[in-house]
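Enquirer: Need the 3D shape of this:
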Amino acid sequence: MTLAGLHSLSLAVAGERSVEDVLATIVERLVASPGLALARVWLVGPTNTCRVCLGRGDRDDATPRLHLAASAGRSFDGTPVWSRLDGEFHRFNIGDGRVGHIAADGAPLLLQRDESTELLTHPAWLVQEGIASFAGHPLVVDGRRIGAIGVFSRRTLDDGDLVHLRLFAEQCAVAIASSRVFAELETANRTLADHNAYLREEIANSLSPDGILGTSAAIHRALDQARLVAGTESTVLLLGETGTGKELFAREIHARGTRRARPLIKVNCGSIPHELFESEFFGHVKGAFTGATKDRLGRFQLAHEGTLFLDEVGEITLDLQPKLLRALQEGDFERVGDDKTIHADVRVIAATNRDLLAEVKAGRFREDLYYRLAVFPISIPPLRERVEDIPIIARYFARRARRTVGRPAFELTDDDVHVLCSYSWPGNIRELANVIERAAILSDGRHVDLATLLPMHAPPAPPDGIVTESAWHELEKQNLIAALRAARGKLGGPGGAAELLGTKPTTLSSRLRALGIDAKDF
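Expert: Numbering: from 1, shown residues only. Just a heads-up that it's a prediction; the model follows:
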């Protein structure tokens with residue numbers, strides 16, 4: 001096929017949808033034409049979005065330049081060659097060199113080896129491959145120069161060939177622009193679908209849509225800090241025991257911040273399998289690993305221009321922490337199976353029930369990651385330190401239970417509230433919600449003694465009505481030890497300590513860690 005036969009190639013290019021497929025079709029079909037040795041396409045773009053330039057460290061350079069986007073050639077014996085994109089001719093300033101002038105002037109260029117010194121950059125290569133001519137043409141869409149196309153031919157090209165190259169370049173430019181629009185639409189649709197799926201999951205798992213409940217001084221101190229930092233871009237670290245409502249505080253901070261119109265994306269770091277960590281955080285491309293049947297956006301990309309909530313951040317293993325640190329510091333990451341660097345503008349809120357400074361000293365948590373997260377730490381008080389809030393929260397859960405369980409007559413008496421206020425709540429608000437819902441299920445038109453539902457009921461209060469915090473902690477510790485002994489050190493499952501205590505194994509594990517109790521000792 002000669003340049004005069006490029007109309008069939010135009011049809012092939014127009015049939016492709018992805019940018020990569022369009023570019024590959026252009027150069028591969030061109031070099032299949034008799035006489036053509038090498039075909040290349042350069043596209044205009046910022047240097048800091050080019051994969052090759054990023055690999056060379058040009059991360060802060062936003063200067064628009066010509067970047068080699070596709071290349072294909074065939075040597076004299078027909079062997080495919082010259083497909084690399086990172087060589088000497090990868091990048092041109094617009095206006096520099098013959099390719100740069102094509103993009104700058106918007107005019108085609110035809111050079112003959114025997115008539116022009118401009119084609120003598122590598123004279124030995126020209127002679128070795130029998131190159132006779134070079135033809136180049138700008139790629140223009142709606143008056144905008146988006147790149148340039150160039151071909152090296154072993155056959156001498158003339159002005160007629162240049163006309164056919166112009167017609168082909170016009171079709172190529174339209175195909176490239178169309179494929180870019182299609183790719184943007186596909187990305188937008190994927191993002192919307194992922195956002196919708198994520199939001200459906202969040203709604204289903206929502207604990208308290210009414211927000212943070214309570215009037216105690218302890219909860220107001222924490223709320224004042226949350227509202228103070230909400231309007232900034234600072235990273236926040238929420239500290240507190242399991243079930244204290246750290247996620248609700250994250251939602252409060254996001255809702256009062258400048259990013260409230262954008263999504264709040266949650267990642268439960270403790271629930272992600274080690275081998276899926278990178279995919280969950282950063283996404284993956286189709287075929288990256290077994291089971292990767294399609295491209296998937298990670299949580300960082302979903303949270304772009306919004307807020308990322310890293311729950312249970314202390315559970316991230318030491319070997320994975322550097323990857324998280326890089327994404328937090330630079331906002332840059334690569335999807336699994338892809339070498340393209342993606343940038344995400346994300347505000348981070350993290351939460352943990354661990355003492356991260358102790359984890360740092362023990363060598364289980366990176367010190368630099370800790371200081372990156374703990375810019376503004378907020379301690380969320382446990383329920384035992386805000387006893388006066390228990391009636392408000394309990395009656396809220398009772399109202400919710402009436403709807404979800406279908407017990408319209410279910411009510412909490414003053415005696416019920418007194419029982420609830422005299423319990424230490426190691427599982428905090430989540431445990432309180434569990435007890436109330438269980439009581440509603442069991443009620444069925446009759447009153448349920450809440451004391452029978454508590455795994456560890458407190459002893460009668462002294463005459464002055466006050467029990468010291470140390471006494472509560474000691475009682476809780478002894479009760480947990482008794483449960484572990486009865487279960488012979490087994491935490492979960494039938495007959496386990498968690499079942500005996502009426503709580504979740506994860507909650508029990510958190511309490512044991514907080515109290516320094518090792519189940520293996522029993």
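
Enquirer: where are the low-confidence patches of the stretch 101-250 of the chain?
Expert: Across the stretch 101-250 of the chain, the ranges flagged by pLDDT under 70 are 116-121, 187-210.

Enquirer: One more: the stretch 351-500 of the chain?
Expert: For the stretch 351-500 of the chain, the ranges with pLDDT under 70 are 455-474.

Enquirer: how about a cut-off of 90?
Expert: Applying pLDDT under 90 to the stretch 351-500 of the chain flags the ranges 402-411, 413-419, 421-424, 426-427, 430, 442-500.

Enquirer: residue boundaries of the strands in it?
Expert: 376-379 (DSSP state E, counting those that start in this stretch).

Enquirer: What of the stretch 201-350 of the chain?
Expert: Under the criterion DSSP E, counting those that start in this stretch, strands of the stretch 201-350 of the chain are mapped to 236-239, 264-268, 283-284, 296-297, 307-311, 332-334, 341-343, 347-352.

Enquirer: Mean neighbour count and distance to residue 400 for those - can I get that in JSON lines?
Expert: (Each C-beta comes from the backbone N, C-alpha and C, glycine too.) Below are the strands of the stretch 201-350 of the chain laid out as JSON lines (neighbours: other Cβ atoms under 10 Å; distance: least, Cβ to Cβ, whole Å):
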{"stretch": "strand 236-239", "mean neighbour count": "24", "distance to residue 400": "24"}
{"stretch": "strand 264-268", "mean neighbour count": "22", "distance to residue 400": "21"}
{"stretch": "strand 283-284", "mean neighbour count": "24", "distance to residue 400": "35"}
{"stretch": "strand 296-297", "mean neighbour count": "20", "distance to residue 400": "33"}
{"stretch": "strand 307-311", "mean neighbour count": "24", "distance to residue 400": "22"}
{"stretch": "strand 332-334", "mean neighbour count": "19", "distance to residue 400": "39"}
{"stretch": "strand 341-343", "mean neighbour count": "17", "distance to residue 400": "40"}
{"stretch": "strand 347-352", "mean neighbour count": "26", "distance to residue 400": "23"}
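
Enquirer: Which among those strands is found nearest to residue 94?
Expert: Evaluated with Cβ to Cβ, these place strand 341-343 nearest to residue 94, the distance being 23.1 Å.

Enquirer: mind checking which of the strands of the stretch 201-350 of the chain is nearest residue 382?
Expert: strand 236-239 (11.1 Å).

Enquirer: Any idea how many residues pack against the nearest residue to residue 369 once chain neighbours are set aside?
Expert: Nearest residue to residue 369, sequence neighbours excluded (Cβ to Cβ, 6 or more residues apart in numbering): residue 325, at 4.8 Å. The number of residues packed near residue 325 is 16, by other Cβ atoms under 10 Å.

Enquirer: For residue 325, give me its contacts.
Expert: Contact analysis of residue 325 by Cβ atoms under 8 Å, 6 or more residues apart in numbering lists 366, 368-369, 372.

Enquirer: sorry, back to before: can you lay out the strands of the stretch 201-350 of the chain as TSV showing distance to residue 170?
Expert: TSV is the format used below for the strands of the stretch 201-350 of the chain (distance: least, Cβ to Cβ, whole Å):
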stretch	distance to residue 170
strand 236-239	53
strand 264-268	43
strand 283-284	36
strand 296-297	35
strand 307-311	44
strand 332-334	35
strand 341-343	32
strand 347-352	45
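
Enquirer: which one of those lies closest to residue 107?
Expert: Set against residue 107 and scored by Cβ to Cβ, the strands of the stretch 201-350 of the chain come closest in strand 341-343, at 34.4 Å.

Enquirer: Only whichever of the contacts of residue 325 are buried, select them in PyMOL.
Expert: In PyMOL, this line selects whichever of the contacts of residue 325 come out buried by 16 or more other Cβ atoms under 10 Å:
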select buried, resi 366+369+372
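
Enquirer: Looking at the contacts of residue 325, which is nearest residue 147?
Expert: Using Cβ to Cβ, the contacts of residue 325 come closest to residue 147 at residue 372, 39.5 Å.

Enquirer: The closest one - nearest residue in space that isn't next to it in sequence?
Expert: residue 328 (5.4 Å).

Enquirer: bridging residues for the closest residue to residue 379 other than its chain neighbours?
Expert: Leaving aside its sequence neighbours, residue 379 sits nearest to residue 239 (Cβ to Cβ, 6+ apart; 4.9 Å). Taking DSSP bridges as the rule, residue 239 bridges to residue 352, residue 379.

Enquirer: contacting residues for residue 239?
Expert: Here residue 239 is in contact with 351-353, 377-380 (Cβ under 8 Å, 6+ apart).

Enquirer: cool, residue 331 as well?
Expert: 343-346.

Enquirer: What subset of those residues is buried?
Expert: By neighbour count, with 16+ other Cβ under 10 Å, the contacts of residue 331 hold 343-344, 346 as buried.

Enquirer: Can you pull out the residues in contact with stretch 105-119?
Expert: With Cβ under 8 Å, 6+ apart, stretch 105-119 has contacts from 98, 101-102, 120, 126, 131-138, 140, 145, 156-159, 161-162, 165-166.

Enquirer: Helices of the stretch 201-350 of the chain, start to end?
Expert: In the stretch 201-350 of the chain, the helices defined using DSSP state H, counting those that start in this stretch lie at 217-230, 246-255, 277-282, 299-302, 321-330.

Enquirer: which one of the ones you listed lies closest to residue 418?
Expert: Nearest to residue 418, of those and by Cβ to Cβ, is helix 217-230 at 20.3 Å.

Enquirer: now the closest one against strand 347-352, angle please.
Expert: Relative orientation of helix 217-230 and strand 347-352, computed by axes from the mean of the first three to the mean of the last three Cα atoms, to 10 degrees: 150 degrees.

Enquirer: Show me the contact partners of helix 217-230.
Expert: Helix 217-230 is contacted by residues 212, 214, 236, 249, 252-257, 376, 378-381, 385-386, 389 when judged by Cβ under 8 Å, 6+ apart.
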